[in-house]
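>>> compute the structure for the input listed below.
(chains A, B, C and D)
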Amino acid sequence: MIYEGEFLKDAISKLLADGYRVFAPSRVGDFHVFREISSAEEADFNYILPRNSAKVAVFPQNEILIEYGDWIERVPMEEKRIAIVGVRACDAKAIKLLDKHFLEGFVDPYYKSRREKLLTIAIACNNALINCFCQSLGINPRKPEADVVVSEIDGRVFVSADTEIGKSFLQGFNLRNENEEELEIKKRFESEELKMREIRVDVEKLKKSFDSPYWKEVAINCKSCGVCTYLCPTCFCFDIYDEGEKRGVRIRTWDSCQFPLHTLESSSHNPRAEKWQRLRNRFYDKFYYTLRKGNYYCVGCGRCIDFCPAGIDIVNAISEVR
Amino acid sequence: MENPYVPYKAQITEVKDEVKGARPIKTFRIKLVDRDRFDYKSGQGCLVSVFGRGESWFTIANSPTRPDLEFSVLKTGKVTAKLHEMKPGDIVGIRGPLGRAFPLEDWKGMNIVTIGGGIGQTPLRSIYQYVIDKEKDYGDLMIIYGARTSRDLVYKDELFKLIEDGYNVQLSIDNPEKDWKYFVGFVPDNVKRLKPNPKDTIAITCGPPIMIKITLNVLRELGFREDQIYTTLERRMKCGLGKCGKCRIESYYVCKDGPVFNYAELSAMLEKV
Amino acid sequence: MNEIEKIKDALKSSNAEKIVAFVRKESEPREVLKVLSPNEVDKISFSPLSLNNPAKLLMQINGKVAVVAKGCDSMAIRQLIKEGKLKRENLFIVGISCKGVVDYRKLAKFVNLSEVNDVELNGNDLVLKLKNGEKRIPFLEVVDENCLYCGHPTPVIYDVLIGEPREGKRDFSDIEQFERLSREERWNYWISQFERCIRCHACRSVCPLCYCEECMVDPSNLAVSPMSTPEEKASYPRILGKTVNARDNTIYHLLRVLHHAGRCVGCGECERACPMELPLRMLERKLEKVVVEIFGYDLNEDIPFFSKLDIVGD
Amino acid sequence: MKIVTFACNWCSYAGADLAGVSRLKYPEDVRIVRVMCSGMVNPAWILRAFRQGADGVVITGCHPGDCHYMVGNYYAKKRYLLLKELMKFVGFEDERLKLLWASASEGKKFAEEMDSFKKLIEQLGEQKQLRWTP
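Numbering: from 1, shown residues only, chains lettered A, B, ... in the order given. Modelled structure (predicted):
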């Protein structure tokens, strides 16, 4: 369907009026970050990819699990509905992958409390960034998997909804059906591929190269920082710790498998003590281990390549494995 | 829906000193306060939480056929140091039972050999208690256990009692001591000496990594197949639910898909443990 | 002979077992540090895109290493030698008199990076060799801001120097200007910056001087050994947790920066690594200003700042 | 009000002790942490104290030249100045951090200085800038 006007801004105003917590890209200096906004003016959609991923909306960097005194006093849960506006195909896919992790097996109640009330509004990509490679992982950047999808083609705003929650949200808007020409335009838009990098994943080769000295070579310049994992839309590792001796909170915060402390045991034994082991773990985690769950846990957003201070490139590292 | 991150309230009812000295071990008997004990199986563990300090994973040290829950705790860090200060009556939190248990049901009719070293005896104790309590269902039981010195042996009283009662308990210490009547040497050497028969036998080993490694070689020399050998792994754990990613080995979470693994599974992994 | 050929020649003459130098990435106009063997010397490149500081990489390598170092890189190498982390006799330093490096993020605003084949400095212009054609940008528009305050563009320690020596300067005008703001303005500014920080610890990890095995800001002790006593492990002070909020982040950055007093070499790696583009160099430069103005210490002195006991400030 | 005081074992702690023995009153908000030397006071502890809700922090040590370990208080002063300048730079109320030289015989001085520091902190009010809240 077609919307006349700025759909995303109007959607934000409506969501805020409906009592949603809205996460949208907002401009900071020269770049954009996903964060919670309180008015439609704070959002800015003149971007391709925000610095951080949209996972902050469903899996915040720190959250309180339990408030305690002598014993548990309160277990806070998200009560408001949450909306992510302006998510790209890669981040939208990543939320699906996070669902798999947090909702299969033991159900994570904190994640669930946000996820089951979540509305995602995605934008189709018109351009790719220099390090985008989502297409080679089977994601169509022009057809994101989300509740509501917005595509801006030649000045026309196409809006569509695939899910129930998305359809009912759209009922509040004045939309008209596409005419035949427009349907054709949209169809063509969705089938056109964007020019971007490609990753070649050879699972058999990965399996054979696990003990290869290649990984030491790749990791030689790795700094063991958390940029790649903290910006990654599918990384889900976290840490739990208590803040406050007599009275306080049990907090869950993001953690990174690249930090040597991540796996350090109290006995001083560390299963992944060397940085090349940790980096290899991250690569295998994305492309080999998680296959048992049925997916690659990489969506090709390219953030880890853009912002790696050492210039480590997951596309090159995986494609050229030996 | 129950929140798996929220612990049950539990009370310490008994504290027993197992080992004293610089690396003390205490065994805590714990009773749930607001509810009955949950069902669990040998090999499973719990996250014991002390609010203000954190949570730690401990394997349940007694068999489900015995009352209450027992945990043996080696003093190593923040949580365990606090636990060691605790007395009967103090409140702790328990989350569990977590993880995959030993397939004791599948082992019916088989002979059981437990090979333990140091604090690694904990999960094995749960097994031999279970096997003793259900003696009719199992074949012969052999308990092989060793520690650095006689003072470092955990569950001493219980083991000596078992010897008195005629069970096949083989103890060892690393260096000779006065008044020591049993084997002197490392645990794998003791296994080599005792030569358990691999026919219809399950061997379960747990202890320091180096001991496990050598024991595995010894067992395979004796003719044990990989799927006849079980062990438990230890990793840093936080959530216990297979979410936080700390205890992950490949796509397995030690807290959820372990801690019990058989050797065939372990040798199929890329990352050697 | 152009610059790059001179660098290659110098590296060839070094007899080193390993070479640490920049190599151009294929997919984007970016140069990354690599450890090469002597027969791979032709792979190296050097341009205003050679941003990173190789000093941290040197600490990982045993044996004789040849390294390509800009002014700030050589400062870091000298500081690490001073602190006993590197050995001078193991290093062969090809020093390059540096005209400043490009801020990759600024460059991306001028041109689609995937179009760029090569960059080159020509007079006051940065010349971009594009897939089709050429583009000139005034270098000042894309230069890393940090380079504008560079105190040591010419290497302070080297075996071979390439390029004409250049004068550095000491300029704290930006810091002084910031200091004139009211306290509230300053606090609001920094809080608005720090609340963005995601505490990925990249600033710490890339810093050539942050080589400690055990870091104050970590919630537990990395330097445990099998001999550490339970009491020691239990009582390890946790200064900060992993919680991320403007206040904790402020503490983290203050704490991190404090350890660089009289040591910071001004390479700007922290700011370059920061995915959230925090103005981290400002803190470091403020500290440098204190060290220079209150303590009268000069980074070129042989005695480390903290060991110098005759200076205690007013 | 919470005022955390790091007092060196050899001079200032004894000075505080003397103030107590001489029945010189100093504010009960002052909580003393005894350390072996002012030189071991890590700036991290100071920031930690502010994070945990201290309204003021005082580092006390021996007079320059009197340090039991020869130079500990020189280190203390260097660290103090650096931290204070940085705090000022980011807009933290740096008056909340104070360095005080007090010898074992200066019980009176210790009590007086603490009194006036407390008055200053009271004027500033509660420290909210770095206090941790979940």
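
>>> and the nearest residue in space to A:Lys55 that is not next to it in sequence, which of the three is it?
The shortest distance from A:Lys55 to any non-neighbouring residue, by Cβ to Cβ, 6 or more residues apart in numbering or on different chains, is to A:Pro233 (5.4 Å). (Each C-beta comes from the backbone N, C-alpha and C, glycine too.) Of the three states, A:Pro233 takes coil under DSSP: H, G, I helix; E, B strand; the rest coil.

>>> quick one: A:Pro233 and A:Val56 touch, right?
No. With contacts counted by Cβ atoms under 8 Å, A:Pro233 stays clear of A:Val56, the gap being 9.7 Å.

>>> so between these two, which is more surrounded?
For A:Pro233 versus A:Val56, neighbours defined as other Cβ atoms under 10 Å in any protein chain shown are more numerous around A:Pro233 (28 against 19).

>>> residue contacts, the more buried one?
The contact partners of A:Pro233, by Cβ atoms under 8 Å, 6 or more residues apart in numbering or on different chains, come to A:53-55, A:90-91, A:94-95, A:299, A:301, A:303.

>>> pull out the buried members of the residues you listed.
A:53-55, A:90-91, A:94-95, A:299, A:301, A:303 (16 or more other Cβ atoms under 10 Å in any protein chain shown).

>>> so which of those residues is the closest to chain D?
The nearest member of the buried ones among the contacts of A:Pro233 to chain D, counting by Cβ to the nearest Cβ, is A:Lys55 at 21.2 Å.

>>> coming back round to it: tell me which two in the buried ones among the contacts of A:Pro233 are the farthest apart.
Largest separation among the buried ones among the contacts of A:Pro233 by Cβ to Cβ: A:Ile95 and A:Arg303, giving 15.3 Å.

>>> can you give me the strands for the chain?
With no chain named, the answer covers chain A. Using DSSP state E, the strands found in chain A span residues A:2-3, A:21-28, A:31-37, A:62-68, A:72-74, A:82-87, A:118-123, A:148-153, A:156-161, A:175-176, A:238-243, A:248-254.

>>> oops, I was thinking of chain C
C:18-24, C:31-36, C:65-69, C:91-96, C:116-122, C:125-130, C:134-138, C:160-162.

>>> want to throw the contacts of A:Pro233 into TSV with pLDDT?
Output for these, formatted as TSV (pLDDT from 0 to 100):
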residue	pLDDT
A:Ser53	92
A:Ala54	92
A:Lys55	92
A:Cys90	93
A:Asp91	93
A:Ala94	93
A:Ile95	93
A:Val299	93
A:Cys301	92
A:Arg303	92
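
>>> need the strands of chain A in TSV (columns: mean pLDDT, mean neighbour count and distance to A:Ile312).
As requested, the strands of chain A are exported to TSV (pLDDT from 0 to 100; neighbours: other Cβ atoms under 10 Å in any protein chain shown; distance: least, Cβ to Cβ, whole Å):
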stretch	mean pLDDT	mean neighbour count	distance to A:Ile312
strand A:2-3	88	17	42
strand A:21-28	92	22	25
strand A:31-37	92	18	21
strand A:62-68	93	20	27
strand A:72-74	91	13	42
strand A:82-87	93	26	26
strand A:118-123	93	24	29
strand A:148-153	92	20	33
strand A:156-161	91	18	38
strand A:175-176	88	14	45
strand A:238-243	90	22	23
strand A:248-254	93	22	20
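
>>> avg pLDDT for stretch D:90-99?
Mean per-residue pLDDT for stretch D:90-99: 94.

>>> hmm, it touching chain C?
Yes. Shown here: stretch D:90-99 in contact with chain C (Cβ under 8 Å from any Cβ of the partner chain) through D:90-93.

>>> save the strands of chain A as TSV, and put in distance to chain B too.
Putting these into TSV (distance: least, Cβ to the nearest Cβ, whole Å) gives the following:
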stretch	distance to chain B
strand A:2-3	38
strand A:21-28	21
strand A:31-37	22
strand A:62-68	4
strand A:72-74	6
strand A:82-87	19
strand A:118-123	18
strand A:148-153	28
strand A:156-161	29
strand A:175-176	37
strand A:238-243	5
strand A:248-254	6
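
>>> who wins for proximity to chain D among the ones you listed?
strand A:248-254 (4.7 Å).

>>> and the residue of chain D nearest chain A?
Closest point on chain D to chain A, by Cβ to the nearest Cβ, is D:Pro134, at 4.7 Å.

>>> can you report how many residues lie near that residue?
14.

>>> start to end distance for stretch C:300-309?
For stretch C:300-309, the first-to-last residue distance is 17 Å (Cα to Cα, to the nearest Å).

>>> tell me the mean pLDDT over it?
86.
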